[in-house]
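Enquirer: Quick one, fold the following:
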Amino acid sequence: MGPVSWGADRPSRVPGRAVEPAEARRGEHFSPYAPGVDPALPTPRTPSDGQGPLHRLAAFAHTAAHPSGEPCRCAGGLVGVLADRDDGTVVRHGGLVAKAHAPGTDPEAHRVRLALAAHRDVGGVFLQPLPLPRQGPGALEGRPVTLWPYGPPVAPEDPDAAPWEEAARLLALLHRTPPPPGGAGRLPDMRAPEKAALAVERMRRTAPDHPAAATVLEAWRTVPDGPATAPRLLCHGDFHLGQLVRDTRRTDGTAARSGIDAPWRLIDIDDLGLGDPAWDLARPAAWFAAGLLPPDVWTRFLGAYQEAGGPAVDAEPWDRLDVPARALTVQTAALALAKSTAERRPLDEVEEVMIDTCARIAGHRTG
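Expert: The predicted structure is shown next:
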């Protein structure tokens, strides 16, 4: 049996590749800057909405990249739209990336999260945001706008080179870092538990009659509220390999020549906050329990986290990981049902694995 009572008996494999859940392969969990950004895009597409918000974001990115007004000589593959979704619009221009965050983003929570990402105490953890030009918009149709250096993401076509140990060490460092002085009282909660609940609600709205919906809901009912004794530490809130890029800037802020030796940094501040750090390990834990993440990769990731002094787990890791991993399994399965229903397609092989894992969870209640 797997790591817990609901774990897979053996790894689930899709022939010819290392497996991650379907939203990873579609970009949602392999995105460099926001959900839906696909780092495998060979050429960012050109904005086509005239003077709409996407065009204005692209114009802002152009101005930020060329503040003195010099003609743009950036190669075509370095300029364009990386993502345009309701929950994140991302435009690249040369060495810069501009992001319009989700509609409905709480302005104060966003401001606090952005300030934390820019704080020197987490300078070795997060890619640092760039100041907005004076002439740049602070918001786009009510959506906060941020500016970032472009960093090469994890290459999804080379899973054997995925930086699992580096990611684990970054998470351990983040979890060990105290909130900046005076900031703990203002930091919002990290959003991982909320996002799991939102995924289930989305499935209930959009795929209530799907044959697998009842299985997913049964699994969701086994997920209790978080323990009152869980620590409240700095957490990323949505960790996956798509939240890693290399920071190619030199210490003076200028761009380095090559990203090969540049350090990895975490990105995406939208779910950052205080909470139980076990949730930051929950997605890899869920993939491992489902049989999608090879045992040796999981062992390397968890071992690197523990060796780096990560406080999320102790000598019995699954005592702390069981509930968050259940929740992330349900979240992934619920989103798979919602999206496959909207796209009028059957579940793919990896999505079926997540449904099967929910069935095992439903048979092994917690609490």
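Enquirer: where are the low-confidence patches of the stretch 251-367 of the chain?
Expert: Per-residue confidence for the stretch 251-367 of the chain (pLDDT under 70) gives these ranges: 251-259, 364-367.
Enquirer: so where do the strands sit in the stretch 151-300 of the chain?
Expert: Counting by DSSP state E, counting those that start in this stretch, one finds strands in the stretch 151-300 of the chain at the ranges 233-235, 244-246, 264-266, 273-275.
Enquirer: closest one to Leu292 among those?
Expert: strand 244-246 (18.5 Å; C-beta to C-beta). In this view, the C-beta of every residue, glycine as well, is placed from N, C-alpha and C.
Enquirer: Quick check: which helices or strands does that closest one pack against?
Expert: When contacts are defined as 3 or more C-beta pairs under 8 Å, 6 or more residues apart in numbering; DSSP states H and E, strand 244-246 packs onto helix 164-176, strand 264-266.
Enquirer: Turn those into CSV, including mean neighbour count and distance to Arg85.
Expert: Below are these laid out as CSV (neighbours: other C-beta atoms under 10 Å; distance: least, C-beta to C-beta, whole Å):
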stretch, mean neighbour count, distance to Arg85
helix 164-176, 21, 24
strand 264-266, 22, 21
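Enquirer: Thr329: which of those is closest?
Expert: For Thr329, the closest of these is helix 164-176, at 19.2 Å, according to C-beta to C-beta.
Enquirer: what's in contact with that closest one?
Expert: 122, 124-125, 233-236, 239, 241, 244, 264-266, 277, 280-281, 284, 297, 300-305, 308-312 (C-beta atoms under 8 Å, 6 or more residues apart in numbering).
Enquirer: Sketch out the strands for the stretch 1-150 of the chain, chain order is fine.
Expert: 79-85, 88-93, 96-101, 139-140, 143-149.
Enquirer: out of these, which comes closest to Glu70?
Expert: Counting by C-beta to C-beta, Glu70 lies closest to strand 88-93 out of these; the figure is 13.0 Å.
Enquirer: Would you mind writing the CA trace of that closest one as CSV?
Expert: This file holds the C-alpha atoms of strand 88-93, laid out as CSV (Å, rounded to 0.1, in the frame of the first residue of the first chain):
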residue,chain,number,x,y,z
GLY,A,88,-4.5,36.2,-14.6
THR,A,89,-3.3,38.0,-17.7
VAL,A,90,0.4,37.9,-18.3
VAL,A,91,2.4,39.7,-21.0
ARG,A,92,6.1,39.4,-21.7
HIS,A,93,8.3,42.1,-23.3
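Enquirer: What residues sit buried inside that strand?
Expert: Within strand 88-93, the residues that count as buried by 16 or more other C-beta atoms under 10 Å are Gly88, Thr89, Val90, Val91, Arg92, His93.
Enquirer: Check stretch 265-279 too.
Expert: Residues of stretch 265-279 classed as buried by neighbour count (16+ other C-beta under 10 Å): 265-279.
Enquirer: Show me which of the contacts of helix 164-176 are buried.
Expert: Buried residues within the contacts of helix 164-176, defined by neighbour count using 16+ other C-beta under 10 Å: 122, 125, 233-236, 239, 241, 244, 264-266, 277, 280-281, 284, 297, 301-302, 304-305, 308, 310, 312.
Enquirer: From these, which land in helices?
Expert: Pro284, Val297, Phe301, Leu302, Ala304, Tyr305 (DSSP state H).
Enquirer: tell me the contacts of the first one?
Expert: Spelled out, it's Pro284. Each residue near Pro284 by C-beta under 8 Å, 6+ apart is listed here: Trp164, Phe239, Leu293, Trp298, Phe301.
Enquirer: likewise the last one?
Expert: The neighbours of Tyr305, taking C-beta under 8 Å, 6+ apart as the test, are Ala168, Arg169, Leu171, Ala172, Leu281, Ala312, Val313.
Enquirer: again, only using 7 Å
Expert: Remark: with contacts taken as C-beta atoms under 7 Å, 6 or more residues apart in numbering, Tyr305 is in contact with Ala168, Leu171, Ala172, Leu281.
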